[in-house]
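Q: Build me a structure from this.
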Amino acid sequence: MPLYKKGNKIKMVKINKEKCNGCGNCVEVCPFGVLEIKNSKAVVKHPEKCRKCGACVSACSNNAIKINMEKK
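A: Sure, this is the predicted structure:
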């Protein structure tokens, strides 16, 4: 699971490979270029660019993407 720190928080972007059908909707809607399709599945290419906007989560019809914000 890709992680990166920003201040005292840890951001996490997680894609469930079993649920992902590789449609690419999440890649198309992400305004920050965080995701890409690799081997017919969505993968997190640039986790440091994620701003937790939720566009990818909304675009995923299979509910394969989760974004969590946890305080450390």
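Q: centroid residue for the chain?
A: Central residue of the chain (Cα atoms, centre = their mean): residue 13, 4.5 Å from the mean position.
Q: That residue contacts residue 46, doesn't it?
A: No - counting by Cβ atoms under 8 Å, residue 46 is not a contact partner of residue 13; they are 9.7 Å apart. Where you see a C-beta, it was placed from the backbone N, CA and C, and this is true even at glycine.
Q: Give me the common contacts of the two.
A: In terms of Cβ atoms under 8 Å, 6 or more residues apart in numbering, residue 13 and residue 46 are both contacted by the residues residue 34.
Q: Can you classify residue 68 by secondary structure?
A: When classified by DSSP: H, G, I helix; E, B strand; the rest coil, residue 68 comes out as strand.
Q: Check what contacts stretch 41-57 and list those residues.
A: Stretch 41-57 is contacted by residues 2-4, 11, 13, 15, 17, 20, 22, 24, 26-27, 29-37, 64-67, 69 when judged by Cβ under 8 Å, 6+ apart.
Q: picking that back up, ok, for the residue nearest to the centre of the chain, nearest residue in space, not its chain neighbours?
A: Nearest in space to residue 13, with sequence neighbours left out and distances taken as Cβ to Cβ, 6 or more residues apart in numbering, is residue 44 at 4.9 Å.
Q: Can you give me the neighbour number for the one you found?
A: 19 (other Cβ atoms under 10 Å).
Q: Residues in a beta bridge with the residue nearest to the centre of the chain, which ones?
A: residue 67 (DSSP bridges).
Q: Could you check the pLDDT of it?
A: The pLDDT attached to residue 13 in the predicted structure is 85.
Q: for the residue nearest to residue 13, which residues make a bridge with it?
A: In this structure, residue 44 has the following beta-bridge partners (DSSP bridges): residue 35.
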